[in-house]
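1. Kindly return the folded structure for what I paste below:
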Amino acid sequence: MRRLVLACAWLVMLLPATALAGKADVLKVAVSQQGETYRFDVTVAHEDMGWDHYADAWEVVGPDGKVLGVRTLFHPHVDEQPFTRSLTGVKVPAGVDRVTVRAHDKVHGWGGKEVTVEVPR
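-> A predicted model of the protein is given here:
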């Protein structure tokens, strides 16, 4: 039994530290209309660990799965968690009253907590 415990401990030490941060989560979304387009202020949480594992994007997705806008995040936010970034100029088609915002990280891809919001008209 002791050998099994030691073997498991050894395997855990071999895992890359970058895999331990988990997926990126969207915590909050604020949407405002700006003429015929929209501004999205999105708060994301992720245990950024440096350049190899950080939240590197978030996107606005319509109910049909079509991506309406993408905000690329070009650097880790190790000391700024959670963080909020904006995206302007997002065109939301007529008849679409709800969109979903999801975040992406360099290791796990999409899959953390998503937030669905109503689009003001």
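2. what about the strands in this structure?
-> 25-34, 37-45, 55-61, 67-72, 83-90, 98-105, 109-110, 115-118 (DSSP state E).
3. List the contacts of stretch 59-73.
-> Contact with stretch 59-73 is made by 40, 42, 44, 54-58, 85-87, 89-93, 96, 98-102, 104, as judged by CB atoms under 8 Å, 6 or more residues apart in numbering. (Each C-beta comes from the backbone N, C-alpha and C, glycine too.)
4. distance between the ends of it?
-> Stretch 59-73 has an end-to-end distance of 11 Å (CA to CA, to the nearest Å).
5. chain center to that stretch: distance?
-> Put simply, stretch 59-73 sits 11 Å off its chain's centre (CA atoms, centre = their mean, to the nearest Å).
6. now the strands of the chain as CSV including mean pLDDT and mean neighbour count?
-> Formatted as CSV, the strands of the chain follow (pLDDT from 0 to 100; neighbours: other CB atoms under 10 Å):
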stretch, mean pLDDT, mean neighbour count
strand 25-34, 96, 15
strand 37-45, 96, 20
strand 55-61, 93, 23
strand 67-72, 97, 15
strand 83-90, 96, 15
strand 98-105, 96, 22
strand 109-110, 92, 14
strand 115-118, 98, 14
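7. so who does the residue positioned nearest the centre of the chain touch?
-> What sits nearest the mean C-alpha location of the chain, by CA atoms, centre = their mean, is Ala103, with 1.7 Å. Contacts for Ala103 (CB under 8 Å, 6+ apart) come out as 23-26, 42, 44, 46, 55, 57-58, 110, 112.
8. redo that, cut-off 6 Å
-> Taking CB atoms under 6 Å, 6 or more residues apart in numbering, we find Ala103 in contact with 24, 26, 44, 55, 58, 112.
9. who's it bridged to?
-> Judged by DSSP bridges, the bridge partners of Ala103 are Trp58.
10. Give me the distance between it and Ala94.
-> 27 Å (CB to CB, to the nearest Å).
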